[in-house]
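Asker: With the input below, show me the fold.
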Amino acid sequence: MEQKTSIYETIEVCLLAGKIMLQSGAETYRVEDTMGRIAAAFGLTESHSYVTPTALIFSTSGEQPAKLIRIEERTTDLDKIAVVNAISRRIVSGELSAHEAKALLIEAETTAFHYKLPTQVLAAALTSACFLIMFGGIWSDFPAAFAAGGAGFAASVYLHRIVQVKFFAEFSAALLVGLLGLLFIWAGLGREFDRIAVGSVMPLVPGLLITNAIRDLMAGHLVSGISKGADACLTAFAIGAGIAVALLFFP
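Answerer: Numbering: from 1, shown residues only. Prediction:
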């Protein structure tokens with residue numbers, strides 16, 4: 001009975017670690033590797049995991065049935081990935097029991113490591129303005145890109161909380177960026193709309209998602225790589241469509 005409880009706790013720890021990493025934007029192969037190392041450290045040398053962007057499955061070669069966890073919400077939180085990696089290393093080195101590891105993982109899952117929304121908006125605005133300069137824009141357009149980029153990022157976060165449709169939030173945010181950029185041009189506060197728009201939508205571009213898709217494809221995880229690539233393409237289409245619709249209002 002004690003052995004079954006130990007196996008059950010090990011499976012719970014593996015699933016929780018994989019869930020946190022997958023929800024935080026980790027690559028598929030990294031999630032599977034972490035789950036396998038944790039299982040092996042607790043004595044489950046014959047374990048199998050199958051990870052996709054929307055679900056993860058974990059099983060052992062014993063009598064325990066396979067466990068499935070659905071992933072409904074995904075974001076980018078590299079701090080949580082680093083925390084889970086640190087916990088997994090402590091497990092492998094024998095510093096943590098399954099019970100202690102599970103408690104630390106639950107704490108990591110419920111802890112908000114990211115910055116407050118105003119700080120994120122400020123960082124997005126500054127990033128947009130800096131991208132404007134990097135793409136060859138002029139300094140007089142710096143305030144326009146700063147304002148449009150910050151407003152677009154804030155709109156994306158706010159709309160995603162209200163409507164759980166990622167495409168709608170990103171399309172609306174890009175539309176707002178386009179309208180603000182054109183408004184600045186019309187008011188004489190900006191000169192080059194193309195560079196203002198490109199710089200302002202950079203915080204919305206799914207750079208990490210594209211990178212993970214390519215890395216998963218190169219690692220042989222075709223299902224995850226293709227699905228992440230499709231998700232990235234859909235986001236890119238939403239951003240482009242938002243800017244295109246904005247141009248219809250100010251041809």
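
Asker: what about Ser59, which helix or strand?
Answerer: Per DSSP states H and E: Ser59 is located in strand 55-60.

Asker: May I have the strands that pair with the helix or strand that that strand is followed by, each with its orientation?
Answerer: From strand 55-60 onward toward the C-terminus, using DSSP H and E, the following helix or strand is strand 67-70. The pairing partners recorded for strand 67-70 under DSSP bridges are strand 55-60 (antiparallel).

Asker: Can you mark which positions in the strand it pairs with are buried?
Answerer: Across strand 55-60, burial judged by 16 or more other C-beta atoms under 10 Å covers 56, 58-60. Heads up, the C-betas are built off the backbone N, CA and C, glycines and all.

Asker: and which of these is nearest to Ser156?
Answerer: Nearest to Ser156, judged by C-beta to C-beta, of the buried residues of strand 55-60 is Leu56 at 26.8 Å.

Asker: I figured Leu105 was touching Val84, is that so?
Answerer: Yes. Applying C-beta atoms under 8 Å, one finds Leu105 in contact with Val84, separated by 6.9 Å.

Asker: any residues in contact with both of the two?
Answerer: The contact sets of Leu105 and Val84 overlap at 17, 20 (C-beta atoms under 8 Å, 6 or more residues apart in numbering).

Asker: How far off centre is the host helix or strand of Ala17?
Answerer: Assessed by DSSP H and E, Ala17 sits inside helix 2-23. Helix 2-23 has its C-alpha centroid displaced from the chain centroid by 22 Å (C-alpha atoms, centre = their mean, to the nearest Å).

Asker: and the next element down the chain from it?
Answerer: Downstream of helix 2-23 (by DSSP H and E), the next one is helix 28-41.
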